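Engineer: What shape does this take:
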Amino acid sequence: MYETGTALQVRAFHVMPGMPPPEGERHSHDYRLDVVVRRDDLDERGMVVDLDLLEDALRSAAAQVADADLETVVLAEAVTVEIFARWLHDRLAAALGTLPGVTLAVRVWESPVAFGGYTASL
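Structural biologist: From the prediction side, this is the model:
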């Protein structure tokens with residue numbers, strides 16, 4: 001299986017309703033967004049996916065949440081890293097389009113050791 005990926009960091013805010021501080025109050029995380037595209041065989045250009053297209057899609061999605069309240073962008077009452085990862089996957093999948101035999105994996109890190117992820121076919 002071949003894979004290609006990219007990553008970036010973005011600061012965003014969220015709150016976890018019903019949780020004690022600091023999680024229960026508006027606070028920020030410097031999220032690391034990791035994306036990996038996998039496929040069994042390379043395409044006719046010898047690529048898994050066009051890395052420029054993947055990087056552009058990731059930058060575009062990150063720009064939507066940069067310095068924003070995740071609840072207002074992701075449209076969930078409480079945005080966990082799992083929900084954030086699914087939202088990011090959906091944005092990247094829309095930008096990349098349908099690619100037969102391709103899997104997109106997303107990890108959203110809220111600290112150096114804690115992440116949530118989502119993986120699905122494109």
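
Engineer: and the gap between V81 and V106?
Structural biologist: When C-beta to C-beta, to the nearest Å is the yardstick, V81 and V106 sit 10 Å from each other. Any C-beta I mention is one placed from the backbone N, CA and C, and that applies to glycine too.

Engineer: swap that for L75, sorry
Structural biologist: Counting by C-beta to C-beta, the gap from L75 to V106 is 18 Å.

Engineer: can you check L51 too?
Structural biologist: 16 Å.

Engineer: With H29 instead?
Structural biologist: For H29 relative to V106 (C-beta to C-beta), the value is 16 Å.

Engineer: same thing with V79?
Structural biologist: For V79, the distance to V106 - C-beta to C-beta - is 14 Å.

Engineer: Please apply the same query to A95.
Structural biologist: For A95 relative to V106 (C-beta to C-beta), the value is 13 Å.

Engineer: The two: which is more packed in?
Structural biologist: Shown here are A95 and V106; by other C-beta atoms under 10 Å, V106 has more neighbours (27 against 14).

Engineer: Report the beta-bridge partners for that one.
Structural biologist: V106 has the following beta-bridge partners by DSSP bridges: V35, Y118.

Engineer: For V74, which non-adjacent residue is closest in space?
Structural biologist: W87 (4.6 Å; C-beta to C-beta, 6 or more residues apart in numbering).

Engineer: ok, now which ones touch the one you found?
Structural biologist: V73, V74, V79 (C-beta atoms under 8 Å, 6 or more residues apart in numbering).

Engineer: which of the residues you listed tops the neighbour count?
Structural biologist: In the contacts of W87, the most neighbours by other C-beta under 10 Å go to V79, 23 neighbours.

Engineer: wouldn't it be in contact with P17 here?
Structural biologist: No: judged on C-beta atoms under 8 Å, V79 makes no contact with P17 at a distance of 10.7 Å.

Engineer: Spell out which helix or strand contains the spatially most central residue of the chain, please.
Structural biologist: Taking C-alpha atoms, centre = their mean, the centroid of the chain lies closest to L88, which sits 3.8 Å from it. Taking DSSP states H and E as the criterion, L88 maps to helix 81-96.
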